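J.: coordinates only, no sequence provided:
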């Protein structure tokens, strides 16, 4: 089933992101966590792969397994990194042959140690290029990324909205946002997008805070902000993972309830291949 059909029903969607495990122990951990999350009957799941396009084969295998063996609607991440037209055409054929009907198409991050994305040897330089190429095949439901606090490389939010509008014009069926912790950014982003003529669903991305040191590094990298009041709550307990988990999950529950009450079409959880926080949040809001 194509995810756009789920969103068109008007039901709230609940979805989870995984990434392929890197070693045997993480394979076991992923299996346990996927098992826990399956019990929640997600609307769909997504599968990413490593920075710079690494682990793509493992990602494709995991996508195939979750979609065709477990039976969950699965959305494949796919980026411009090292993407020639011939390679993209082959990969899209693979997805079609494996009954993968849903893709989230992204530019991808600069290679490690680089500050600028230069796609040497590739034919695609922007997410909109990939979206245009895939949409013309008329075989897939396509998602694109949105940035409520603007993409770190954007000049400003207005130019970021212009890029979003272009991705939709090229064929994106819905948007999944980067994580954020202040819902005001999401509401403003949606309002700006609607004013610009973007009518597709915009699904907010949620990452529960379970490790304060880790989330501080991650938000700095992607240009997201942690509300000052939440920082003040977490800082005294940054070495206490149990207390951090309690504060982070309680905050995420409030954030999710407010988003759903104010018209968000669903929630997409960045799980980091962990199930406990998502299960606890989901159980409280469903």
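T.: Yep, that arrived. In this text, all values refer to a predicted model and were calculated from it rather than measured experimentally.
J.: tell me which stretches of the protein form helices.
T.: Assigned by DSSP state H, the helices in the chain fall at 3-8, 24-38, 56-65, 85-97, 127-135, 157-170, 183-195, 212-222, 228-234, 241-261, 276-285.
J.: quickly, which of those helices bottoms out on average pLDDT?
T.: Here the helices of the chain differ in mean pLDDT, and the lowest is helix 24-38 at a mean of 75.
J.: please identify the deepest-packed of the helices of the chain.
T.: Compared across the helices of the chain, helix 127-135 shows the largest average neighbour count, a mean of 23 (mean count of other Cβ atoms under 10 Å). Using the backbone N, CA and C atoms, a C-beta is placed for each residue, glycine as well.
J.: how far does that helix sit from its chain's centre?
T.: Offset of helix 127-135 from its chain centre (Cα atoms, centre = their mean, to the nearest Å): 17 Å.
J.: please apply the same query to stretch 178-191.
T.: 14 Å.
J.: please apply the same query to stretch 234-250.
T.: 24 Å.
J.: what's in contact with that stretch?
T.: 208-213, 226, 230, 233, 277, 280-281 (Cβ atoms under 8 Å, 6 or more residues apart in numbering).
J.: can you redo those as CSV with distance to residue 270?
T.: Conversion of those to CSV gives the following (distance: Cβ to Cβ, whole Å):
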residue, distance to residue 270
208, 9
209, 11
210, 11
211, 13
212, 16
213, 17
226, 15
230, 17
233, 21
277, 10
280, 15
281, 12
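J.: between those residues, which sits nearest residue 152?
T.: residue 226 (15.6 Å; Cβ to Cβ).
J.: run a quick check on residue 281 versus residue 256, I expect a contact.
T.: Yes. Counting by Cβ atoms under 8 Å, residue 256 is a contact partner of residue 281 at 6.1 Å.
J.: so what's in contact with those two at the same time?
T.: Common neighbours of residue 281 and residue 256 (Cβ under 8 Å, 6+ apart) are residue 206.
J.: bridging residues for the residue nearest to residue 73 when sequence neighbours are not counted?
T.: Leaving aside its chain neighbours, residue 73 sits nearest to residue 44 (4.0 Å; criterion: Cβ to Cβ, 6 or more residues apart in numbering). Per DSSP bridges, the residues bridged to residue 44 are residue 15.
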